[in-house]
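A.B. asks: my questions are about this predicted structure, shown below with the sequence.
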Amino acid sequence: MKQKKYNSIESYMEHFEYIADLVGIDHVAFGPDTLFGDHVGLHHAFASHLSIASAHSGVEFEEVAYVKGLEDPSEVMPNVARWLVSHGYSDEEIAKAMGLSVLRVLEETWAR
């Protein structure tokens, strides 16, 4: 069965590119909510205990067990970095998106 684009790293990275184009590479970073184990079961547990379901009322979506390319927490960030390299991002842009921008914001906002 062919993997749908919206169930893959491609859709995740498409969103990254949209935001980077909108606000600039200095203001984007990655924070994937990927955990080992049953992702769907965990979502259901959170939804039932944190009233997340009410925020999604009326919104229909296809439930998927994982996002291809982001399903293994130990491989998410390496896969994202490989994608950025293969799509022509510079070392500086990759470093910013992979964490330097987050460090910059923390340094600017946390008391020293």
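C.D. replies: Yep, it's here. Numbering: from 1, shown residues only.
A.B. asks: could I get the buried residue list for the top helix by length along the chain?
C.D. replies: Using DSSP state H, we find that the single longest helix of the chain is helix 9-23. Neighbour counts over helix 9-23 (16 or more other Cβ atoms under 10 Å) mark Ile9, Glu10, Ser11, Tyr12, Met13, Phe16, Ala20 as buried. Where C-beta positions appear, they are placed from N, C-alpha and C, glycine not excepted.
A.B. asks: by contact count, what packs against that helix?
C.D. replies: helix 76-86 (3 or more Cβ pairs under 8 Å, 6 or more residues apart in numbering; DSSP states H and E).
A.B. asks: buried ones in the helix it packs on?
C.D. replies: Neighbour counts over helix 76-86 (16+ other Cβ under 10 Å) mark Val76, Asn79, Val80, Ala81, Trp83, Leu84 as buried.
A.B. asks: work out the gap between the helix or strand following that helix and the centre of the chain.
C.D. replies: Remark: after helix 76-86, the chain's next helix or strand is helix 91-95, criterion DSSP states H and E. Put simply, helix 91-95 sits 17 Å off its chain's centre (Cα atoms, centre = their mean, to the nearest Å).
A.B. asks: ok, now stretch 90-106?
C.D. replies: For stretch 90-106 - counting by Cα atoms, centre = their mean - the centre lies 15 Å from the chain centre.
A.B. asks: got the contact list for that stretch?
C.D. replies: 16, 20, 25-30, 77, 80-81, 84-85, 89 (Cβ atoms under 8 Å, 6 or more residues apart in numbering).
A.B. asks: do the same with stretch 68-75
C.D. replies: Taking Cβ under 8 Å, 6+ apart as the rule, stretch 68-75 contacts 3, 7-10, 12, 32, 34-36, 39, 76, 79, 83.
A.B. asks: which pair in the residues you listed spans the largest distance?
C.D. replies: Maximum pairwise distance among the contacts of stretch 68-75 (Cβ to Cβ): 22.8 Å, between Glu10 and Phe36.
A.B. asks: hang on, the earlier thing: format the contacts of stretch 90-106 as CSV; extra columns: distance to Gly69 and pLDDT.
C.D. replies: Converted to CSV, the contacts of stretch 90-106 look like this (distance: Cβ to Cβ, whole Å; pLDDT from 0 to 100):
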residue, distance to Gly69, pLDDT
Phe16, 13, 95
Ala20, 18, 97
Ile25, 21, 96
Asp26, 25, 95
His27, 24, 95
Val28, 18, 95
Ala29, 18, 94
Phe30, 13, 91
Met77, 11, 93
Val80, 9, 96
Ala81, 12, 96
Leu84, 13, 98
Val85, 14, 98
Tyr89, 17, 97
